[in-house]
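# predicted structure and sequence below. I'll ask about it afterward.
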Amino acid sequence: MSSTYHGEDRVPIPPADAQQFTTVCSYCIVGCGYKVYKWPLGKEGGPLPHQNALKADYRRQQPEQAGTWISPAMHSVITERNGQRFNIVVLPDKDCVVNKGNHSVRGGTHGDVLYAPDRPTADRLTHPLLYRGQSQLPTTWDEAIELGALVIKASLDKWGSDTIAMKFFDHGGGGGGFENNWAAGKFFFTGIGTKMASIHNRPAYNSEVFASGDAGIAPLPSAYLDAELADTIMVIGANSYETQSIYFLEHMLPNLGGGTLPLKQQLLPGEPHAHGRMIIVDPRRTSTVAVAEAHAGKDNVLHLQINNGTDIALLNALSRLIHEQGWHDQEFIARRTENFAAFQAANLAQNLDEAVRLTGISKAQMMTAAEWIAKPKVNTARRRTLFLYEKGLIWGLKNYENVASVVDLALLTGNLGKPGTGCGRLGGHQEGYSRPAYPGQRPPVNVDEIAIKGGASKVFWVAGCNPAGGTLNAQQFRAYLAHRTALVNQALDATSSGSLNDRMAAVMTALDKGGLFLIVQDIYPIETAKYAHIVFPAAQWGEMNLTSINGERRLRLYQQFMDAPGIAEPDWKIMARMAQRLESAYRAEGKAEMAARFSGFTWTSDEEVFRAASAGVKGAQEDYGDTTYAMLKALGTNGVQTPVQEIRQGMPVGTTRLYMDEKQFTFIPSAWPGFPPQIQKLIDDPRYPFWVNNGRANHGWQTLYDDLRKPYVMGRAPFPHVEIHPQDARSLDIANGDLIELFNPYGTVSAMAVVTDSNAPGHVFMLFEHPKGWLNSLTTDYVDPATTIPYYKGTKAGIRKLGELPGLGEQLSFIPTNRT
Amino acid sequence: MSEVSRRHFLKLGACVVGGACAADALPSLGQAADNGDVTTLRTTLPYPRLKLAAIGQLTTEHELLTTYPDQASPVVLVKLGRPAHNGVGPDRDIVAFSRRCSHMGGALAFRAETGTFHCPLHYAMFDARKGGLMVIGQATDNLPQIELEVDTTGDIYAVGVKGLLYGRQANMLA
Ligand code: SF4
Ligand code: FES
């Protein structure tokens, strides 16, 4: 039998004089606090409390949950630019109120992803690369910026702003933050002025919750405390044990287990309190369902196993049941909302029998859900229900109405602006959005279709995302990328001149003929970078100071504690380099107006960009006002919850929960719209009998860009997996660990089968992103026309068995993850 | 319980439910850990070779609770009835693991039907047949596996540990 990965059997302890930094997990929205210890290689702390920085007695076994245990994956040895070597430990902070020392598999393995030339992170991008000689070869910043600036400027001058397209991160946490977002936004919106902007894994420049914004609700209105106080937590389209792990484990579960009863009694006297209940809407029986049941008892967890794409029908049916029972919050509706009549006409008209047929959920279950959401505890005390939704809803059938239907349910039941209530995103990434206004309109232009496939743009700058695999309908997208970038390659191959101007001229000729000049800015040579003409090496988390907020708007400083590899730079600096080059080029031509658009990039520190970025968050949930790095440094991993209301005695005063005032809201009418033509066509075609749902898994983050360097994680996930029902597996002769192919008219992908009854027969679940098989090769090109958000979560496919991979079944475990 | 288990094995049964008692129930010191001058900073750990049981004492799917490499480190020895990674014995099905969850040290419970270890604190699950592979959970390493040897008389010896035991800077406390 093959063996299973195990880390080292010892770790060095930080000595008492180790340097200490505070930071926040680079990954998910929860934003767990971490402490970083750094000290020279060759030195170690001693086992006695005064001999080490953790003040722990390492002669003894540390008790459970001590917060003083360093796992091998939390440690690394790094080499700085000057050649000095250091031990680094990234330890969950037990003094942080978010995680209290807890961590997930993702955040707990940060040691593995720090750059080290002798570890699996050795393939970090260290130098700019330029397409040259049918290859991508290292070059200087000056040359890479010069060629990029020549092509961008020539395109801008000749064809206008919209010929420059971008797809950039817009989030917080690793590879994001207010600093980098502000610089990128200022470059593309103030400088270039392009509408051909798109975000992260989306085809456009949009909010994922336009409907919530239109209703007057910011995406993150609640505090994690509200999950401890709620009577009912309703989770829609999220697998929180695996994707908001520590929010779920440290704040939701204690409520379900009764651990927060004293807190409820203390903070909310005068009403009855009990253990919290949880409603989970998911087509799959997930590990979240299993863990919630184990902790709360089956009677306190309601799993609504919904058919793909039918959330609106379910949520409107719940609204209708609640309204029929008279459990709605009449006083709240009258005092704080408008547009109820439109909501009544659209949402409450949902036929209940049709809802049962569409959703696959029984009327009895719907009634239980309605009770748990809104049946008053006693005449005077309404239930406090916290609605939390994420990609299952956001990326569902029709983004705008999907989000509207849960927002409406929250308004109907008065669940905003009170302890234990709220209606917001659970979140994926952390947030750190601050940019000048996007020059486009709503609905925003579909950049994938118009700019890239349609040819409207000629330069495409991609940063911190991997659309070759991660965007919708990705196989088609790759085909266009390959074809259009190859035209530029051929032009460059045919240029024998040593002059960059001549090369620019060759590129321009190719662009005129349909070519695409591709710039990719990232930390690793990702799939999209394979097609690039220029690759810019970016700094990552820990290699620059940055700031972000978590899912309860908690703003913190993520301190720099090490050098970026080679000559890599923070994203904001790369944007500034390019802007300054363009500014000087326009100035040299006497074009003052154009030069001015690219001015103001002369920042010399991260904090200067942070301060500049405060202009972009005024009045928003992120508003941090006059907060400085020094204040955030003093506040450590607990930071301050935005919006910051004032600076009092030199410290920011934050906001625990939004809408405790008399803020007004608007109902957004939303009726179930039926399936769009692309999906209906697949539904009607017997060659594609399987619904393909998809999502993330506990052990991996996003495209796995970091996880590919974590031997522990990859030992568990060498291929993307597809969960398939035993009945379907039998009929296709598929066993655990078999390689299978999924196919439809949009593309094909292979993956590894996991046979489990987590889905209903006829429905499979595939991991959303894995470089050894991109689910998005199967997604259609359908987007909600109102928001340009894709229906990532629903496509249909045929499945066939490819065969077994020897050894794979032995190496992996196929015990179902949704049991406890 | 057998003679051997009475002599050597900690009684942890009460801690399996809820896990709250685990920290109190387990001794917090290894045998030689009282002396603060003893350094733990060796780079190669000299593991002791300790007899855990004789093959004849094991019945399929019944766990034996013992300790290794010292009394502060609870360990489960189990005959799974099916071949396992690093399994020893004639059927290559005898394995041993740390009983402290490699996430944050929760006291693991073994479930024979599935051959899995379960943590009551944050619900991590480890596969005993697959070298302690984490099936699901938030641990940052697979469950530390005790390296075993069987001598010609059928005695089972622990000779080392793969992975770092929860709550330790090095597997050998002193
Ligand atoms: S729950 Fe999220 S923020 Fe916390 S450690 Fe895990 S990935 Fe990081
Ligand atoms: S201690 Fe075992 S799952 Fe956390």
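It's in. Ligands and ions are numbered 1, 2, ... in the order given.
# so how far is the longest strand along chain B off the chain centroid?
Ranked by residue count under DSSP state E, the longest strand found in chain B is strand B:155-162. Offset of strand B:155-162 from its chain centre (Cα atoms, centre = their mean, to the nearest Å): 10 Å.
# send the alpha carbons of it over as CSV?
Provided in CSV are the C-alpha atoms of strand B:155-162 (Å, rounded to 0.1, in the frame of the first residue of the first chain):
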residue,chain,number,x,y,z
ASP,B,155,4.7,-9.3,20.4
ILE,B,156,3.8,-5.9,19.0
TYR,B,157,6.3,-3.0,19.5
ALA,B,158,6.0,0.7,19.0
VAL,B,159,9.2,2.0,17.5
GLY,B,160,8.4,5.5,16.3
VAL,B,161,5.8,8.1,15.3
LYS,B,162,5.0,9.5,11.9
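# what strands line up against that strand, and which way round?
Here strand B:155-162 has these sheet partners by DSSP bridges: strand B:50-54 (antiparallel), strand B:145-150 (antiparallel).
# need the contact list for the residue of chain B found nearest chain A.
Going by Cβ to the nearest Cβ, chain A is nearest to residue B:131 of chain B, at 2.9 Å. Bear in mind the C-beta positions are built from the backbone N, C-alpha and C, glycine included. Going by Cβ atoms under 8 Å, 6 or more residues apart in numbering or on different chains, residue B:131 touches A:3-4, A:6, B:84-86, B:142, B:145, B:162.
# helix, strand or coil for residue 110?
Answering for chain A, as no chain was given. At residue A:110 the chain is in helix, as set by DSSP: H, G, I helix; E, B strand; the rest coil.
# try again with chain B
Quick answer, by three-state DSSP: residue B:110 is strand.
# dig out what it forms beta bridges with.
Beta-bridge pairing for residue B:110 (DSSP bridges): residue B:117.
# tell me the pLDDT of the residue in the stretch 101-250 of chain A that ligand 1 sits nearest to.
Proximity of the stretch 101-250 of chain A to ligand 1 (Cβ to the nearest ligand atom) peaks at residue A:107, 2.3 Å away. Residue A:107 is assigned a predicted lDDT (pLDDT) of 98.
# and the residue nearest to it when sequence neighbours are not counted, what does it touch?
Of all residues not flanking residue A:107 in the chain, residue A:25 sits nearest, at 3.9 Å (Cβ to Cβ, 6 or more residues apart in numbering or on different chains). By Cβ under 8 Å, 6+ apart, residue A:25 lies in contact with A:31-34, A:103, A:106-107, A:110, A:173.
# out of the residues you listed, which is most surrounded?
Neighbour counts for those (other Cβ atoms under 10 Å in any protein chain shown) peak at residue A:31, which has 34 neighbours.
# name the nearest of the contacts of residue B:131 relative to residue A:349.
Lowest distance from residue A:349 to these (Cβ to Cβ) belongs to residue B:142, with 53.5 Å.
# on that earlier part again, okay, the residue nearest to residue A:107 and ligand 1: tell me how far apart.
Using Cβ to the nearest ligand atom, to the nearest Å, residue A:25 is found at 3 Å from ligand 1.
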